[in-house]
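Participant: I'd like to go over a predicted model; first the sequence, then the structure.
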Amino acid sequence: MHITYSYIGTIMKPYRCLFFLLLEDYIEAQTHFARDLDLHLERFARNLRDSAALVRPFTGDIDTVRQQVLDKPWTEDQLKEVQNTPALLMIDQDFDNFDPRSHPWLIINFGRRVTGTYGGQIPFKHILDDLVQVVLNANENFFTAAYNLKHEIHAAECAKIFEAKPGIFGFSIDLVHAASILKKIYTRMSEPRNNG
């Protein structure tokens with residue numbers, strides 16, 4: 001796990017993708033949640049090995065880093081998803097070059113669960129474990145598999161899984177349904193390809 005004062009300058013090489021932790025400063029519920037989530041994020045980062053990096057801000061730099069993410073050219077709907085923190089933003093570009101209008105991205109949002117709306121413990125450990133398996137699978141690009149799957153599944157199921165409808169380049173996954181979509185993506189990526 002990389003801890004930094006700025007997401008600007010974060011580069012992809014040698015990774016397949018980057019994960020950025022999105023937080024807001026001075027929100028008590030998020031502070032408690034973030035401490036709990038940190039243990040799982042460390043394990044997540046370690047399990048990603050050299051395939052991906054998890055980047056998070058120093059506590060004193062949360063607002064600065066948050067503004068760097070918000071300064072990207074998001075649509076109004078996308079911006080609402082990005083502001084719904086805590087969350088993970090996954091991209092496959094250097095942060096400086098990342099443009100949500102032309103590059104693929106994914107947000108896994110933990111925000112609504114902070115308030116206890118769904119009750120009980122958040123199953124983020126399993127979500128993160130599933131995400132590791134998807135990222136480690138080098139058979140196909142994660143974003144390609146997710147995009148193709150998004151257009152194959154029934155509209156009602158899609159509405160449950162994908163919170164935002166931001167268009168072709170990115171999407172947000174609701175934590176409650178994240179495990180099912182990640183398993184479907186992993187299955188799709190693991191299927192042998194028929195080259196004949």
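Facilitator: Nice, thanks for sending it over. Since we're looking at a predicted model, the values are computed, not measured. Numbers count the residues shown, from 1 in each chain.
Participant: any stretches of the protein with poor pLDDT?
Facilitator: 26-34, 111-125, 140, 145-181, 186, 188-189, 192-196 (pLDDT under 70).
Participant: quick one, helices of it?
Facilitator: For the chain, the helices defined by DSSP state H occupy 28-48, 62-70, 76-83, 111-114, 124-136, 142-152, 155-161, 175-190.
Participant: what's around L23, how many residues?
Facilitator: 23 (other C-beta atoms under 10 Å). Quick note: C-beta positions are derived from backbone N, CA and C, even for glycine.
Participant: I misspoke; the intended subject was I91.
Facilitator: 23.
Participant: please name the bridge partners of it.
Facilitator: For I91, the beta-bridge partners are L18, W105 (DSSP bridges).
Participant: now it: how far from V135?
Facilitator: 12 Å (C-beta to C-beta, to the nearest Å).
Participant: now swap in D77 and tell me
Facilitator: In terms of C-beta to C-beta, D77 sits 26 Å off from V135.
Participant: ok, those two, which is more surrounded?
Facilitator: V135 (23 against 14).
Participant: report the beta-bridge partner residues of L54.
Facilitator: What pairs with L54, by the bridge criterion (DSSP bridges), is F19.
Participant: residues touching the residue nearest to R56 when sequence neighbours are not counted, list them.
Facilitator: Closest residue to R56 apart from its sequence neighbours, by C-beta to C-beta, 6 or more residues apart in numbering: L21 at 4.0 Å. By C-beta atoms under 8 Å, 6 or more residues apart in numbering, the contact list for L21 reads 41, 54-57, 86-88.
Participant: can you list the residues you listed in TSV and add neighbour count and distance to H126?
Facilitator: Shown next, in TSV, are the contacts of L21 (neighbours: other C-beta atoms under 10 Å; distance: C-beta to C-beta, whole Å):
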residue	neighbour count	distance to H126
L41	20	14
L54	20	17
V55	19	22
R56	24	21
P57	24	25
P86	22	17
A87	22	17
L88	24	14
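Participant: out of the residues you listed, who's nearest L182?
Facilitator: Nearest to L182 out of the contacts of L21 is L88 (C-beta to C-beta; 12.3 Å).
Participant: I figured that closest one hits V82, correct?
Facilitator: No - using C-beta atoms under 8 Å, L88 is not in contact with V82, being 11.2 Å away.
Participant: list the residues that contact both of those two?
Facilitator: Common neighbours of L88 and V82 (C-beta under 8 Å, 6+ apart) are 22, 107.
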